[in-house]
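1. Just a sequence and a predicted model for now, questions to come.
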Amino acid sequence: MTFFLIALAVILGTIGLVKLVDKFIPSKLKPVLTIALWLLIAFLGYQTYMSIYEPIKFNKEKNKRYAVVIESLIDIRDAQLAHKQVTGQFAKTFDNLIKFIDTAEYTLTQRRDSSIIDKELTRRYGVDTTKDIVIIDTLGTVPVKDSLFKSSNRYKTMMNVPVGEEGAKFKMDAGFVEQNKINIPVFEAYVKKDVILFDQNRDLVIQENQIISVDGVNGDALKVGSMDEVKTGGNWPKTYGDSE
């Protein structure tokens, strides 16, 4: 914005100089100076245009890349939640997580209410007395892979960052956080914005790393989960999709 104002002021000043040249400079020098000044105006005009257009182009590309990365982070989160549901904890490595998806199964159950004779009350009161109970029936199993990814094998490459710097991979860890003397499983997966936007305007990437906004991705990384608190949501706003 500062550059835009400076460039605009210089353009206006240069236009003023063109008029002064036309009025006061000798005729022999007018063509050369006039051409030079108009070239300067064209250059500054281009720079002013780019100072406006470059952030717009950057934001468009950033949003497109973030959306793709977030889809991968959601896959990682879904796989981790399935791992915790079956094993009681999160996977620490992608190798373990992929092996789990390839082999693990969900147990399908059905809950139904029923009632039975309460022998103690029946004996006490001399009449048949019932009590309510809940019966859990096991119906069978279903592969985790089919439940989460159906016929897709994209989970086998979910450690790869799909856009940005070639060959980059998500960082992931898992462990426990103690709350009220209870160890609660946690995990975190993330990729730095510098990796996603490695080939973009460096000044704009630095600004993006420092952003604090309800409509933006705060911090210098896109991530899901946390190693410091019990959290499985992502750090992106709803404009990019469901973070929970």
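-> Here it is on my side, so go on. What you see is a predicted model, and the numbers here were worked out from it, not measured in a lab.
2. Report the residue spans of the chain with pLDDT below the cut-off.
-> 1-30, 32-34, 37-38, 40-42, 44-53, 106-110, 112, 134-141, 241, 243 (pLDDT under 70).
3. can you give me the strands in it?
-> In the chain, the strands defined using DSSP state E lie at 105-117, 130-143, 171-179, 182-192, 221-225.
4. So which bits of the fourth one are buried?
-> Which is strand 182-192. 185, 186, 187, 188, 189, 190, 191, 192 (16 or more other Cβ atoms under 10 Å). Every residue, glycine included, has its C-beta placed from N, CA and C.
5. Equivalent analysis for stretch 172-180, please.
-> 172, 174.
6. if I look at residue 131, how far off is residue 111?
-> Applying Cβ to Cβ, to the nearest Å, the value for residue 131 to residue 111 is 17 Å.
7. which one of the two has more residues nearby?
-> Neighbour comparison, residue 131 and residue 111: the larger count goes to residue 131, with 13 against 8 (by other Cβ atoms under 10 Å).
8. Let me see the contact set for the residue lying closest to residue 226 once chain neighbours are set aside.
-> Excluding the flanking residues, the one nearest residue 226 by Cβ to Cβ, 6 or more residues apart in numbering is residue 188, at 5.4 Å. Taking Cβ atoms under 8 Å, 6 or more residues apart in numbering, we find residue 188 in contact with 172, 173, 174, 223, 224, 225, 226, 227.
9. Repeat that for residue 77.
-> So residue 77 contacts 189, 224, 225, 232, 234 (Cβ under 8 Å, 6+ apart).
10. hmm, 10 Å instead?
-> For residue 77, the contact set (Cβ atoms under 10 Å, 6 or more residues apart in numbering) comprises 90, 187, 189, 224, 225, 232, 233, 234, 243, 244.
11. For residue 89, see how far away the residue nearest to residue 226 is.
-> Residue 188 is 14 Å from residue 89, by Cβ to Cβ.
12. and for those two, which residues touch both?
-> Shared contacts of residue 188 and residue 89, counting by Cβ under 10 Å, 6+ apart, come down to 80, 174, 175.
13. give me every residue that touches the second one.
-> I take that to be residue 174. 80, 83-84, 89-93, 96-97, 185-189, 225, 227.
14. Between the strands of the chain, which one is closest to residue 31.
-> Among the strands of the chain, strand 182-192 comes nearest to residue 31, with 54.1 Å by Cβ to Cβ.
15. Which positions within stretch 66-73 qualify as buried?
-> Buried, per 16+ other Cβ under 10 Å, within stretch 66-73: 66, 69, 70, 72, 73.
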